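>>> any chance you can model this:
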Amino acid sequence: MNYNFQAIFIIAKFTIWDILRSKVMTNSLILGIALGILTFVGKEFTFGAPLKISLDLGMAMVSISTKGIALFFGIGLISKEIETRTVYMVLSKPIKRYYFILGKTLGLSSILIINTAILSIFCLFFYGINGGVIDEFLLMTIVMTILEAMLLMVLVIFFSLVTNPILAFIYGLGIFFISYGLDPIANSLYVHNNSGLRNILEVIKFIMPNFKLLNFRDYLLYNQSVDYSFRLSCFIYAIGYISFLNIVNSIVFSRKNLD
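Next up is the predicted model:
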């Protein structure tokens, strides 16, 4: 593929403005204010661990908000353009299909980063005024939250290209929750004693995106040490899987019948 980066960036810019017009950033500000109120209330009623409550609430809100945007906007990112026939106007110009989908994906990825940045500023502010120390692992956890949301985004974009929006939502959310439940199932005594089932689960774990691997929040909240090699491997895994799904999405969209 030869990339026209100017076309990709232009499409990304219009995607960003289109999403911003939906007032999604206003919701981020409201959530940030709500976080401050919840942090104050939590501090008053949890005398033993105000720092943990502050950080737990903040990171949970960042994670849920960012994944919500990835899921709901990702589903309609391409399908809405096809339904409104906007895609036909864009593709009638000398713009290749994979420019279009990469630009749209880049635009939504930028929104995820902006949303996470806004809520993270609130989270870090309230965490800091309660005496918390902002270290590099906390910042790394925020970065991994963004990558986890991006992985969910490209996954639901893929399903939206091969199915309808409702099924894309079900499949995307289903795989997300299944990926979190595979390890407990694989470590159960029943699976341990059944080699065939264990092998099947290993294959599923290898193919399926491992969202749990990108979740550093438990390590952060319980002060568990994570070595740099593991952090790096998780980061590379996320970038690699996101890139792979972007390539797949580009190929599928390039061959998709839009009539």
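>>> residues contacting the most centrally placed residue in the chain?
Closest to where the C-alpha atoms of the chain average out (C-alpha atoms, centre = their mean) is residue 149, at 0.4 Å. By C-beta atoms under 8 Å, 6 or more residues apart in numbering, residue 149 lies in contact with 63, 66, 67, 69, 70, 112, 116. Any C-beta I mention is one placed from the backbone N, CA and C, and that applies to glycine too.
>>> by neighbour count, which of those residues wins?
The most crowded member of the contacts of residue 149, judged by other C-beta atoms under 10 Å, is residue 70 (29 neighbours).
>>> just to revisit the earlier point, centre of the chain to the strand or helix carrying the residue nearest to the centre of the chain, how far?
Assigned by DSSP states H and E, residue 149 belongs to helix 136-162. Using C-alpha atoms, centre = their mean, to the nearest Å, the mean C-alpha position of helix 136-162 is found 3 Å from that of the whole chain.
>>> can you map out the helices along this protein?
5-20, 24-45, 50-83, 86-91, 97-129, 136-162, 165-186, 189-192, 195-207, 217-221, 228-255 (DSSP state H).
>>> can you redo those as JSON lines with mean pLDDT?
Formatted as JSON lines, the helices of the chain follow (pLDDT from 0 to 100):
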{"stretch": "helix 5-20", "mean pLDDT": "89"}
{"stretch": "helix 24-45", "mean pLDDT": "70"}
{"stretch": "helix 50-83", "mean pLDDT": "87"}
{"stretch": "helix 86-91", "mean pLDDT": "78"}
{"stretch": "helix 97-129", "mean pLDDT": "91"}
{"stretch": "helix 136-162", "mean pLDDT": "95"}
{"stretch": "helix 165-186", "mean pLDDT": "90"}
{"stretch": "helix 189-192", "mean pLDDT": "74"}
{"stretch": "helix 195-207", "mean pLDDT": "82"}
{"stretch": "helix 217-221", "mean pLDDT": "87"}
{"stretch": "helix 228-255", "mean pLDDT": "95"}
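>>> what is the neighbour count of residue 55?
Around residue 55 there are 23 residues (other C-beta under 10 Å).
>>> ditto for residue 118
18.
>>> so who does it touch?
Applying C-beta under 8 Å, 6+ apart, the residues near residue 118 are 25, 28, 29, 32.
>>> kindly write the PyMOL command that selects the buried subset of those.
In PyMOL, this line selects whichever of these come out buried by 16 or more other C-beta atoms under 10 Å:
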select buried, resi 28+32
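>>> any chance of the contacts of residue 118 in a markdown table, plus distance to residue 96?
Compiled in a markdown table, the contacts of residue 118 are given as follows (distance: C-beta to C-beta, whole Å):
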| residue | distance to residue 96 |
| --- | --- |
| 25 | 31 |
| 28 | 33 |
| 29 | 37 |
| 32 | 39 |
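>>> ok, the contacts of residue 118 vs residue 182, which is closest?
Distance to residue 182, by C-beta to C-beta, is smallest for residue 28 among the contacts of residue 118, at 31.3 Å.
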